[in-house]
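[1] predicted model, plus sequence, below.
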Amino acid sequence: MLPQLAKIKGIALDLLFPRWCVGCGKEGDFICSACRLSLPRITPPLCPHCGKPQPSGILCPSCVSRQAKIDGIRSPFQFDGVIRQAIHQLKYQNLRALAQPLAKFMQEYLAANPIPAELLVPVPLHWRRLRERGHNQSSLLARELSKLINRPLVADCLVRKRPTPPQARTATVDERRRNVADAFTCRSHSLQDKKVLLIDDVATSGATLDACASALKTAGVSSVWGLVLATEV
């Protein structure tokens, strides 16, 4: 009876609060079939480390010039078009129901492009920003993805020690790295020798993911890969 009740509840909610496409406004789903076809996907060849398009398929100049802690970053989409609108709706307009279909995109990407992962860890917000926003979009995505791929979610081990200005407001890659340097700590040693998949909504320079990976590896994590919904190319 429980699955049937859940289905009936879902139908009732759809009737009371119909879904509209965040791209074109068509009723029926948060991202309609036509807008799905227009999503700006990232396809090979890629930089093997940051995952951004790279015609040669070798390390891009940015990755060659730095010693990153994170083992690699992958993303199904470029941060543009409908996917950008969807992330903004989830992040700033409190449309939390978007987390499930967006996590489904991430699950489909992982099915076609496996990444070593024993558990999921979301990129944390500082408690002040979490209180202002009311939710952490990365945690919402990670929770839904955890259900879809049957991997445990460890949501409270990684902590943002100090508030940092949004990365989008920083002008250069070096400034972004300085902005998040030593901003995170891992307060649990239960992840010793584990393979972690770090979840975030958007990657720009990868500095935040790398700072998180540094904190996790200091705590004994064996490998850290980042999976984000979209990458700024």
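    Yes, it's here.
[2] from Lys195, how far off is Pro114?
    Computed as C-beta to C-beta, to the nearest Å, the Pro114 to Lys195 distance reads 12 Å. Yep, even glycine has a C-beta here, placed from its N, CA and C like the rest.
[3] with neighbour numbers in mind, choose between these two.
    Lys195 (16 against 8; other C-beta atoms under 10 Å).
[4] contact partners for the more buried one?
    For Lys195, the contact set (C-beta atoms under 8 Å, 6 or more residues apart in numbering) comprises 116-119, 221-223, 225.
[5] next SSE after the helix or strand hosting Ala34?
    Element membership for Ala34, per DSSP states H and E: helix 33-37. For helix 33-37, the following helix or strand on the C-terminal side (DSSP H and E) is helix 61-64.
[6] and the helix or strand following that next one, what does it pack onto?
    Per DSSP H and E, the first helix or strand lying C-terminal to helix 61-64 is strand 72-74. Helices and strands touching strand 72-74, by 3 or more C-beta pairs under 8 Å, 6 or more residues apart in numbering; DSSP states H and E, are strand 223-231.
[7] I'd guessed His126 sits against Thr164; true?
    Yes - counting by C-beta atoms under 8 Å, Thr164 is a contact partner of His126 at 7.2 Å.
[8] okay, now Ala112: neighbour count?
    For Ala112, the neighbour count with other C-beta under 10 Å is 7.
[9] sec struct for the closest residue to Val180 other than its chain neighbours, please.
    Once flanking residues are discounted, Val180 sits nearest to Ala211: 4.2 Å by C-beta to C-beta, 6 or more residues apart in numbering. Recorded secondary structure, Ala211: helix (DSSP: H, G, I helix; E, B strand; the rest coil).
[10] these two touch, right, Ala211 and Cys186?
    No - checked against C-beta under 8 Å, the pair Ala211 and Cys186 is beyond contact range at 11.5 Å.
[11] and Val196, that's in a strand?
    Yes - Val196: assigned to a strand according to three-state DSSP.
[12] adjust the sequence numbering to begin at 726 for everything that follows.
    In the new count, where the first residue is 726, that last one comes out as Val921.
[13] now for it, how many residues are close by?
    Val921: 29 neighbours (other C-beta under 10 Å).
[14] shaky segments in this structure?
    726-742, 890-896 (pLDDT under 70).
[15] measure stretch 831-851 end to end?
    The straight-line separation of the ends of stretch 831-851 (C-alpha to C-alpha, to the nearest Å) is 24 Å.
[16] and that stretch, how far out from the chain middle?
    The chain centroid and the centroid of stretch 831-851 are separated by 8 Å under C-alpha atoms, centre = their mean, to the nearest Å.
[17] run through who's touching the helix holding Ala759.
    By C-beta under 8 Å, 6+ apart, helix 758-762 touches 746-749, 751, 807.
[18] quick one: buried residues of that helix?
    Cys760 (16 or more other C-beta atoms under 10 Å).
[19] you'd agree Leu835 is in a helix?
    Yes - counting by three-state DSSP, one finds Leu835 located in a helix.
[20] contacts only, for it.
    Residues in contact with Leu835 (C-beta under 8 Å, 6+ apart) are 874, 952.
[21] tell me how far it lies from Leu855.
    Separation of Leu835 from Leu855 (C-beta to C-beta): 26 Å.
[22] list of residues touching stretch 766-779?
    If you take C-beta under 8 Å, 6+ apart as the criterion, stretch 766-779 is touched by 780-785, 787-788, 793, 797-803, 928, 931, 956, 958.
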